[in-house]
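**Student:** could you look at this predicted model? Sequence included:
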Amino acid sequence: MSNIYKAFENGKAFIGFVTGGDPSIEKTEEFILEMARAGADLVEIGIPFSDPIAEGPVIQRANVRALNALTTLEKIFSLVEGLRCKIETPLVFLSYLNPVFNYGYDAFFKRCQDTGVDGIIVPDLPFEEQGELRDIALAHNVDIISLIAPTSEDRIRSIAQAASGFLYLVSSLGVTGVRGEFKADIAGMVSSVRAATKLPLAVGFGIHTPAQATEMAKLADGVIVGSAIVKIIEEHGESATPYIYEYVKQMKEAVCEK
Amino acid sequence: MKNGRFGDYGGQYIPETLMNELSNLEKAYNYYKNDNAFCAELDELLRNYAGRPSRLYYAAKMTAALGGAKVYLKREDLNHTGSHKINNVLGQTLLAKKMGKTRVIAETGAGQHGVAAATAAALLGLECEIFMGKEDTERQSLNVYRMRLLGAKVNAVTSGTQTLKDAVNETMREWVSRVHDTHYVLGSVMGPHPFPMIVRDFQSVIGREAREQFLEREGKLPTAVLACVGGGSNAIGIFYHFIPDASVKLIGCEAAGLGIDTNKHAATIARGRVGVFHGMKSYFCQNDEGQIAPVYSISAGLDYPGIGPEHAYLHDTGRAEYVAITDEEAVSAFEYLARTEGIISAIESAHAVSYARVLAPKLSTDESIIVCLSGRGDKDVAAIARYRGELIDE
């Protein structure tokens, strides 16, 4: 078991996302430290990929910026290593499968364990394909975080029962990015997941306002915000740190609102 | 094939949102492929709308000029819409309609698949949107207008390298956003299972016909079957029914662009490594970090960094071999076929013609080879003129 459960011990969890190396590895470290200081309970670090098929335009552009800054997997592992000297906040990678496959599953998860990565979310690795790395990941104490989508329906049970860490509930159809409204029956999805597992569950995709965060936190154990934070980085670049702090603080308060 | 895999290749590496849809697609396909009414309807379309069976033409002048094996051309270029792509889109679009879909989306590189998808959608009364790399919309503007004439909306994709792989990315993003009423008519033997199987089955009509036509004419099997390979749909289409014929060499011709020793090529088998992308495990052109590499070919249809999983399997098992053909060789073959046989082929297909020029002279005159002429070349004329330093209006 990884440290992910600790993210859900401090009231409802706020989970923030940044793309590693956007706009530079040094800045990513600063942003993550600031998110933790502002109350983020878990941070997702995106490993940049040339073809992020599940991302909307905002995170696509962050991937381009990070790759243009010559971000490598090795640099991201060093980033985690550095962070681990400073904070205990659970850290989770978000990566498409190919960079992980290319690194080699054994080497990758060993490096995760050595540096202090608690879990990994792989958007292009559905339940059926997890077999090839599940045992390796668990042997290194790294949780594979499974996603549940509005179209998962009868699949929810098997996904939830085999899950570890937490469950990532995708709030809507489509790619990542801010949304005005959520059409999917999130309450229904939540109760199907609850019936199958005691693991915590967090809702993500499209959430950006405090009001949305409060609403989602009433249903789930945590709220995940990606594009809205990446957008702050896109707008303010290297000077984004105080804006990220303010935003995360406000969102953490919103998820904890009764 | 087992569990959607060809050996270790294939699989379903795709966002969770699409998993139930892929499962519905597989169920629907497995039902309708054995449904007599569906098969009869598709057969009628293939015959009287698309113009099948396509001809197997004995290229006597080319044969004489090369002075070796007899060269036969499987004339997919004579199909309605001008390429083999129609075989797959009629099947998939009809299937989508049976599944109750009202809208189809598709990626396209050269525009041949986009034109075919727009055609089938017009015929069967479905809404249609095509995603095409912006760079490709510029080098294939005639096909863009053709798709619009057929009632499709064409979206120019500006992300990434603005070519075929980015068009696939964007079509997948669109499908994830609107999956209930929409079917993704994937254009090649790639993507997540069941697409490589479905597209192969619909394209295998090419080889089934070619094998029968050849046996009837020559009373024996050919020495080799050649086809160009991007994702690999025309190649698997003509290879498939020859796979059990162990004596028949299967040769795929991929795009070497400016040369496989440069960084401007799309030679996935020659220069790629095993990876996972676009829903499948297969060979991909990628860098040391596992980032998908920008690829290049004069041919928009072969300008793709991956190859279908069944080809990866045929390569590993040695059942098929893959050779790389440069832009210069392909253009030269394009011009050669026009002069020698009076056929202007697609620049994609010219990659296979090019290798026929190498192979035929090495074989004896009582042997034969079949080249899949996957498409016609009207769309390429302006680009070839540009390549030769001449500017013409399209």
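**Tutor:** That came in fine, so what should we check first? Numbering: from 1, shown residues only, chains lettered A, B, ... in the order given.
**Student:** give me the residue from the stretch 151-300 of chain B nearest chain A.
**Tutor:** Minimum separation of the stretch 151-300 of chain B from chain A (C-beta to the nearest C-beta) falls at B:Gly290, amounting to 2.9 Å. All C-beta spots, glycine's among them, are computed from the backbone N, C-alpha and C.
**Student:** skipping adjacent residues, who's closest to the residue nearest the centre of chain B in space?
**Tutor:** A centroid search over chain B (C-alpha atoms, centre = their mean) returns B:Ser233, at 3.7 Å, as the residue closest to the centre. Once flanking residues are discounted, B:Ser233 sits nearest to B:Ser188: 4.4 Å by C-beta to C-beta, 6 or more residues apart in numbering or on different chains.
**Student:** same check, this time on A:Glu55
**Tutor:** A:Glu55's closest residue in space is A:Thr176 (C-beta to C-beta, 6+ apart), at 5.0 Å.
**Student:** so how far is A:Ala162 from the one you found?
**Tutor:** Remark: distance between A:Thr176 and A:Ala162 (C-beta to C-beta, to the nearest Å) = 24 Å.
**Student:** surely A:Pro23 is within a helix?
**Tutor:** No. When classified by DSSP: H, G, I helix; E, B strand; the rest coil, A:Pro23 is found to be coil rather than part of a helix.
**Student:** which pLDDT value belongs to it?
**Tutor:** As predicted, A:Pro23 sits at a pLDDT of 97.
**Student:** avg pLDDT for the helix or strand hosting B:Thr171?
**Tutor:** Using DSSP states H and E, B:Thr171 falls within helix B:164-177. Averaging pLDDT along helix B:164-177 yields 95.
**Student:** what of stretch B:108-120?
**Tutor:** 94.
**Student:** likewise for stretch A:55-70?
**Tutor:** Averaging pLDDT along stretch A:55-70 gives 97.
**Student:** same thing with stretch B:66-83?
**Tutor:** Stretch B:66-83 carries an average pLDDT of 97.
**Student:** sketch out the helices for chain A, chain order is fine.
**Tutor:** Taking DSSP state H to define them, one finds helices in chain A at A:25-37, A:57-68, A:73-84, A:97-103, A:105-115, A:131-139, A:156-162, A:186-196, A:210-219, A:227-236, A:241-256.
**Student:** which stretch among those comes nearest chain B?
**Tutor:** Shortest distance between chain B and the helices of chain A, using C-beta to the nearest C-beta, is found for helix A:97-103: 2.9 Å.
**Student:** can that closest one be found next to chain B?
**Tutor:** Yes. Under the criterion of C-beta under 8 Å from any C-beta of the partner chain, chain B is reached by helix A:97-103 at A:97-103.
**Student:** these two touch, right, B:Gly82 and B:His113?
**Tutor:** No. At 11.3 Å, B:Gly82 and B:His113 do not qualify as touching, with contact defined as C-beta atoms under 8 Å.
**Student:** comparing those two, which residue is more hemmed in?
**Tutor:** Applying other C-beta atoms under 10 Å in any protein chain shown to B:Gly82 and B:His113 shows that B:His113 carries more neighbours, namely 31 against 22.
**Student:** now for the helix or strand harbouring the more buried one, which elements pack on it?
**Tutor:** Using DSSP H and E, the element containing B:His113 is helix B:112-124. Counting contacts by 3 or more C-beta pairs under 8 Å, 6 or more residues apart in numbering or on different chains; DSSP states H and E, helix B:112-124 packs against helix B:85-98, strand B:103-108, strand B:127-133, helix B:141-149.
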